[in-house]
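J.: Here's my sequence, what's the structure:
(2 chains)
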Amino acid sequence: MIINHPLLGPRDAQEFTYLGDAALIDRPDWQGEDAQSRFYEYLYLRDNPAGTHRELWFHEGGDRSWLVVTRNTVSHEILQVELARDVARAKGRSK
Amino acid sequence: MHDLIATTALGEAGPRADRFEGLSIAENPDFALVSVAARLDRQEGLSAAMKKAFGLALPDVGLSRAKGALSAFWTGPDQWMIEAPHDSHEDLAAQLGAALGENASVVEQNDGWVRFDIEGPRASDMFERLCPLDTRRMQPDAVSRTSIEHLGCFVLRRDAGEAFSVLGPRSSAGSLHHALCTAARSAL
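T.: As a prediction, this is how the structure comes out:
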């Protein structure tokens, strides 16, 4: 599998490690009223789609950037690769 | 007073040099190394401060650039390593820290790394057995981090000839040296 790194170009998937669902970027507010149930969902509940899935990958054997990879879990086709920090900033996060 | 004797990363009195047909692998202990990472929203301030103090324009993704005794290479988004000869720039981190101020986090890396200079027309025959990088297609000023023998290493192409440097973790210098020499022996 080749991951087309937005900065470095196509790189072999063996240089990367996989974390999981890109929804992990959306960490709940720990001070919110419903924090307990939101964190329960954040920590334990995952969709397991057969098809398009957005996931977090880490370029461990490279520039150590976090990526959001959109991948078809059936065909392993990689549809889109973004820097995770760009994704987070687009959601209004500054850090 | 302690009477300490300086040793190289391989634990010897002087740098190791190995020769193969069409390839040489030479340990180079004469480098000072400092990491520079831009703080949040200070990328432009960092570039300007670096240019003002050292005349060095920080290189773009996957590149290195030299200016005088200093050279910088890209290590990740908004992060660079600055290299200089050790004997004349042992205090490089202090110089950079003073010049860059709040724009960047500056960390001395001296003695954290081992550097092997690899030269010769068969260099890529060795690299292709060691790492996924296509060193034949690297530009003369290209740099990339990769895995060699499970170690995160930087591979820098030094010039248009076949000259490379490999920077790896000093605590694994022996393993890295062994990997380089074993691949060279098997390739040549």
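J.: Centre of the chain to stretch B:140-148, how far?
T.: 9 Å (Cα atoms, centre = their mean, to the nearest Å).
J.: where along the chain do the helices fall?
T.: Since no chain was named, I'll use chain A. For chain A, applying DSSP state H gives helices covering A:35-44, A:84-90.
J.: You answered for a different chain; I wanted chain B.
T.: B:43-54, B:92-100, B:123-127, B:173-187.
J.: Buried deepest among the ones you listed, which one?
T.: Highest mean neighbour count among those (mean count of other Cβ atoms under 10 Å in any protein chain shown): helix B:123-127, with a mean of 23. C-beta here means a position set from N, CA and C on the backbone, and glycine is covered the same way.
J.: For that helix, name the packing helices and strands.
T.: Secondary-structure packing of helix B:123-127 (3 or more Cβ pairs under 8 Å, 6 or more residues apart in numbering or on different chains; DSSP states H and E): strand B:23-27, strand B:163-169, helix B:173-187.
J.: Swap in 7 Å and give it another go.
T.: helix B:173-187 (3 or more Cβ pairs under 7 Å, 6 or more residues apart in numbering or on different chains; DSSP states H and E).
J.: what does the helix it packs on rub up against?
T.: The contact list for helix B:173-187, computed with Cβ atoms under 7 Å, 6 or more residues apart in numbering or on different chains, reads B:9-10, B:16, B:18, B:20, B:23, B:25, B:114, B:116, B:122, B:125-126, B:129-130, B:148-149, B:151, B:153, B:168.
J.: cool, and stretch A:56-71?
T.: Contacts with stretch A:56-71, where a contact means Cβ under 7 Å, 6+ apart, come from A:3, A:5, A:7-8, A:11, A:15-20, A:22, A:24, A:52-55, A:78-84, A:87, B:75-77, B:145-147, B:152.
J.: A:R38: what's it in contact with?
T.: For A:R38, the contact set (Cβ under 7 Å, 6+ apart) comprises A:P28, A:G32.
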